[in-house]
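S.K.: got a structure for you, letters missing:
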């Protein structure tokens, strides 16, 4: 067959795959909207108070009888529906007003469909788009989030947004929750507010973490800076994942010729979203004043030698074994260069609340005896 025919076949295949994706998104959003309404009915009709706590068990049986072969009608899943509604609706009159009137077709307005839907001023708001985002990730992801956020709506929305932005699988979502990402992201001590223009200062703050989790380096026992940096680059994929979306690796011990002297940057990256170079220095010891001066010098040099006309100002990031936060803040106030300071950990980070998540031997024995 000729070239035109082959192109037509490829177009048909692409069109079919696109329709599959759109159908999957629509089915998911409709399913979540049903779960939302089911949870709303349970909460607002006070069904457990009216018909007793065992009503959920009976409801599950009756729904499966009325809807044979339909998944998602188990007792545990119905309880998840209740949690789903309660989590995103708590103390939020906006959610109550909008979801009370929203039709499923609106949920697909943000799913890259070809339908053109004119939204009202309220529906164009950031709050509405945030709400619609809740209906764009799979139900299984929501169940993981509900299990771990313990009713923290802001934390739940954070992980919904991250899942949409990064296309996380359920396993990846769980891994990032376990790593304490919500508590770490954007938490570095920086001077970005006074050294970077808006909105770049806010975006730059978001790409930081404190502490960084370098457990993937698999270092135990005694080690030095050379070994740590070698292990970070040996596991460059994990390192880039920990740094976050947008980091592109440029070089290690990157050479800078300054007059008659040579200087070497520990790690140099380019951030694709911020469109700027990011100089990273890794320090084994405790942070001190002179560290900011050295890093600021590297940042200035990169601006002069590497930065192009369409690049934004270079950012410096110092990742050290430990720091005194007040000392770090004072040091940053003395610098005119945009710099952030964070700690790093070499062991796996666990959620702060661990008690009760894993039963003790005594608890297992007691339950067996019962």
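M.R.: Good, I have the coordinates. Keep in mind that this is a model prediction, so the values were computed, not measured. Numbers count the residues shown, from 1 in each chain.
S.K.: roughly how far apart are the residue sitting nearest the centre point of the chain and residue 273?
M.R.: In the chain, the residue lying closest to the centroid (Cα atoms, centre = their mean) is residue 162, at 3.3 Å. Distance from residue 162 to residue 273, counting by Cβ to Cβ, to the nearest Å: 14 Å. The C-beta positions use only the backbone N, C-alpha and C, and glycine is treated the same way.
S.K.: if I pick residue 250, what's in contact with it?
M.R.: 268-270, 277 (Cβ atoms under 8 Å, 6 or more residues apart in numbering).
S.K.: State the distance from residue 28 to residue 61.
M.R.: According to Cβ to Cβ, residue 28 and residue 61 sit 26 Å apart.
S.K.: ok, now residue 41?
M.R.: Using Cβ to Cβ, one obtains 17 Å as the distance from residue 41 to residue 61.
S.K.: Pick out whichever of the two has more residues nearby.
M.R.: Neighbour comparison, residue 41 and residue 61: the larger count goes to residue 41, with 15 against 12 (by other Cβ atoms under 10 Å).
S.K.: pLDDT on the strand or helix carrying the more buried one, on average?
M.R.: Element membership for residue 41 (DSSP states H and E) is helix 3-44. For helix 3-44, the mean pLDDT works out to 78.
S.K.: Check whether residue 315 really touches residue 275, as I assumed.
M.R.: No - counting by Cβ atoms under 8 Å, residue 315 does not reach residue 275; the two are 11.1 Å apart.
S.K.: More neighbours: which of these two?
M.R.: residue 315 (27 against 13).
S.K.: Tell me the backbone dihedrals of that one, please.
M.R.: Main-chain dihedrals, residue 315, degrees, to the nearest 10: phi -110, psi 140.
S.K.: and it, how far is that from residue 54?
M.R.: Going from residue 315 to residue 54 by Cβ to Cβ gives 58 Å.
S.K.: same thing with residue 316?
M.R.: Taking Cβ to Cβ, one finds residue 316 at 61 Å from residue 54.
S.K.: Just list the residues touching residue 158, thanks.
M.R.: residue 182 are the contacts of residue 158 under Cβ under 8 Å, 6+ apart.
S.K.: what about the strands in the stretch 101-250 of the chain?
M.R.: With DSSP state E, counting those that start in this stretch as the criterion, the stretch 101-250 of the chain has strands at 189-190, 212-213, 247-258.
S.K.: how about these in CSV, adding mean pLDDT?
M.R.: Compiled in CSV, the strands of the stretch 101-250 of the chain are given as follows (pLDDT from 0 to 100):
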stretch, mean pLDDT
strand 189-190, 98
strand 212-213, 94
strand 247-258, 95
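S.K.: The ones you listed: which one's closest to residue 69?
M.R.: Residue 69 lies closest to strand 212-213 among the strands of the stretch 101-250 of the chain, at 43.9 Å (Cβ to Cβ).
S.K.: Show me what the closest one is in contact with.
M.R.: Contacts made with strand 212-213 from outside it, assessed by Cβ under 8 Å, 6+ apart, are listed as 179-180, 184, 242-243, 319, 342-345, 348-349.
S.K.: Where neighbours are concerned, which of those residues has the most?
M.R.: residue 319 (27 neighbours).
S.K.: Quick check: pLDDT value at that residue.
M.R.: For residue 319, pLDDT reads 97.
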